[in-house]
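1. coords please:
(one chain, ligands or ions: 1)
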Amino acid sequence: MSPTSDLLAHALAQTGFHSRLSQQRRLYEAAKAAIHQQRLGAGSKLPSSRDLARDLGMARNTVIAAFEQLAAEGYVVSARGSGTYVADLQAHRASMRGVGAAPQTRSAPRHARLSRRGQELTAYAAGPQFEIQPFAPGEPDFSSFPFKLWQRLQNRVWREARHDLLDYGQSGGHLPLRRAITEYLRISRSVKVEVEQVMITAGTQQSLDLCAQLLADAGDTAWVEDPCYWGARRVFQARELKLRPITVDADGIALDEADLATKPRLIYVTPSHQYPTGAVMSLARRRELLGAAVRKDAWILEDDYDSEFRYTGRPLAALQGLDDDDRVLYMGTFSKVLYPGIKVGYLVVPPALIAAFRSALYDLQRPGQLTVQATLADFITLGHFTTHVRKIRQTYGARRELLRRMLAQQLPAGVSISREESGLHLVIELPDHVDDVALAQRAAEAQISVKALSTYYMEAPRRRGLLVGYAYCTPEQITDYGRLLGAIIAAGVRA
Ligand SMILES: Cc1ncc(COP(=O)(O)O)c(C=O)c1O
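-> Numbering: from 1, shown residues only. Sure thing, here's the model as predicted:
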């Protein structure tokens, strides 16, 4: 495979979370991103459509169509007989501004011109293209939300007509909610926390962004799990951190000598249920990581995004509970356990960071939604949260078992299902030779939204697999689509 094919294959893998896009569109997006980021420089020659089609395992027509679209938009130029080359975007932009260009050239509207960072960020933007379909990983079951009860609690908040709830949120969020979360985290997650340490944020994404802004400078290193939650990766990239991908194995993040020779400012981990592999970080690894953070003077960002969904055994304690050196910032979210659009999460910071985080939260975000926070506080303190979690845990646990049974009947030899007993998705582990991206694409054509494990890796994927969400699916859908998915996988593995 030529270096350019290799680069495009890698870029293509990173667009994998658009699993519903056609292959042509994904290749176009991947090449465009590589050109914007100057990983494919002006003048570089692209492989022939025949070679690239072979290297990427695509139909030649797909490659030709993607090249044509890139050419139509000025990203590449084709010289008949000699091949396709990356265009000089600087010259193209200059001509678009009218510098040395024909007088009739229209200049690009000012508002359309993005910063360098903006171009890089939007090159891979996931956007709202992801429709929820059976097996979409991470989606909770909206039908189980207690609408009527919530409405009653919310009405009560509004009836009280409290003016203070209409203002911006100060002091890190609505105090009764912070108290309720403090209690919950102490009891359920063994987090060492006082109410002053809890900040209410607009979800994990915002918690991560605050941490990146306040604790690291552009160019600093962040250790991230490989494979990694793309939302976290995007935040760190947006803050111009240097990402060092660290291998994940069955015990979670696995530091080697070369990793330990680097000096991170931030370490992002999902210890309770590694996203996406599902690995639970062992106690030995937790201690090792805490020790490394102290030696390196780094902050650990613990993302405990779906810890409520543990189906057997005792809940696992949070890493933060083992931290005697105030190195861990712990974050959770109501996105999975209630509904994603609620946009409420929490961040627990060490005592020394309280003042800085409170003022930055206020200055940078102007938080609000105090009526939602008040409703949620009542929902928790009146015991409804615990009841809701118990109920959906049972529902999701049963769906998980059903999906496991359905798939187990059909999956061919060499394909296994991840064993861990938590979360909202299973990982179907595929043999190394199977192209999980192509399988996910085939599933998407059958209206099934699974995600390819390889697309979450920054380095060469160590494992291939499919992430299959079950929480959102009814038992009937699990039975019908599970059968279909099993058949697609069996055919893909045989091919
Ligand atoms: C690992 C991980 N963390 C956090 C979240 C949720 O983030 P937020 O609170 O921003 O919705 C997700 C959502 O899919 C996730 O997969």
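2. now the stretch 251-400 of the chain, which segments are flagged as low pLDDT?
-> Residues of the stretch 251-400 of the chain meeting the criterion pLDDT under 70: 315.
3. What parts of the stretch 151-300 of the chain come near the ligand?
-> When proximity is defined by Cβ under 6 Å from any ligand atom, the stretch 151-300 of the chain lies next to the ligand at Gly203, Thr204, Gln205, Tyr229, Gly231, Thr270, Tyr275. Quick note: C-beta positions are derived from backbone N, CA and C, even for glycine.
4. who touches the third one in this structure?
-> Gln205 makes contacts with Gly231, Val235, as judged by Cβ atoms under 8 Å, 6 or more residues apart in numbering.
5. go with 10 Å
-> For Gln205, the contacting residues are Gly231, Ala232, Arg234, Val235, Met331, Thr333, Ser335, Lys343, Gly345, by Cβ atoms under 10 Å, 6 or more residues apart in numbering.
6. three-state assignment of the fifth one?
-> The three-state assignment at Met331 reads strand, by DSSP: H, G, I helix; E, B strand; the rest coil.
7. ok, what's across the strand from it?
-> Asp303, Leu347 (DSSP bridges).
8. So it versus Asp209, what's the distance?
-> Counting by Cβ to Cβ, to the nearest Å, the separation of Met331 from Asp209 is 11 Å.
9. which one of those two has more residues nearby?
-> Met331 (26 against 20; other Cβ atoms under 10 Å).
10. Against Val349, how distant is the more buried one?
-> For Met331, the distance to Val349 equals 10 Å [Cβ to Cβ].
11. And for Gly252?
-> Separation of Gly252 from Val349 (Cβ to Cβ): 23 Å.
12. for Ala13, same thing?
-> Taking Cβ to Cβ, one finds Ala13 at 35 Å from Val349.
13. For Ala374, which non-adjacent residue is spatially closest?
-> Of all residues beyond its chain neighbours, the one nearest Ala374 is Val157 (4.7 Å), with distances taken as Cβ to Cβ, 6 or more residues apart in numbering.
14. Look at the one you found and report its pLDDT.
-> Per-residue confidence at Val157 stands at 96 (pLDDT).
15. hang on, it in a helix?
-> Yes. In this structure, Val157 lies within a helix as judged by three-state DSSP.
16. and Ser115, backbone torsions?
-> phi -70, psi 170 (degrees, to the nearest 10).
17. and what of Thr474?
-> The phi/psi pair for Thr474 (degrees, to the nearest 10) is phi -70, psi 160.
18. do the same with Leu40
-> Per degrees, to the nearest 10, the residue geometry at Leu40, taken as phi and psi, is phi -110, psi 100.
19. Thought Tyr75 was touching it, still the case?
-> Yes. Counting by Cβ atoms under 10 Å, Leu40 does reach Tyr75; the two are 9.1 Å apart.
20. the more surrounded of the two?
-> Legend: neighbour count by other Cβ under 10 Å for Leu40 and Tyr75, higher for Leu40 (23 against 20).
21. For Pro47, list the residues it contacts.
-> Contacts for Pro47 were tallied using Cβ under 10 Å, 6+ apart; they are 1-5, 8, 53-56, 63, 83-84.
22. try 7 Å
-> Residues counted as contacts of Pro47 (Cβ atoms under 7 Å, 6 or more residues apart in numbering) are Ser2, Thr4, Ser5, Asp55.
23. Over to Ile392?
-> For Ile392, the contact set (Cβ under 7 Å, 6+ apart) comprises Asp141, Ser144.
24. at 10 Å instead, please
-> Residues in contact with Ile392 (Cβ under 10 Å, 6+ apart) are Pro140, Asp141, Ser144, Phe145, Glu308, Phe309, Lys336, Val337, Leu338, Leu424, Ala471.
25. And for Leu40?
-> Leu40 makes contact with 4, 7-8, 11, 31-34, 46, 75-76, 85-86 under the criterion Cβ under 10 Å, 6+ apart.
26. Columns pLDDT, distance to Thr122 and secondary structure on top of those, output as a markdown table?
-> Written out in a markdown table, the entries for the contacts of Leu40 read as follows (pLDDT from 0 to 100; distance: Cβ to Cβ, whole Å; DSSP: H, G, I helix; E, B strand; the rest coil):
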| residue | pLDDT | distance to Thr122 | secondary structure |
| --- | --- | --- | --- |
| Thr4 | 81 | 23 | helix |
| Leu7 | 78 | 20 | helix |
| Leu8 | 83 | 19 | helix |
| Ala11 | 75 | 15 | helix |
| Ala31 | 86 | 15 | helix |
| Lys32 | 84 | 10 | helix |
| Ala33 | 78 | 9 | helix |
| Ala34 | 81 | 14 | helix |
| Leu46 | 89 | 22 | coil |
| Tyr75 | 83 | 15 | coil |
| Val76 | 85 | 19 | strand |
| Tyr85 | 85 | 24 | strand |
| Val86 | 86 | 19 | strand |
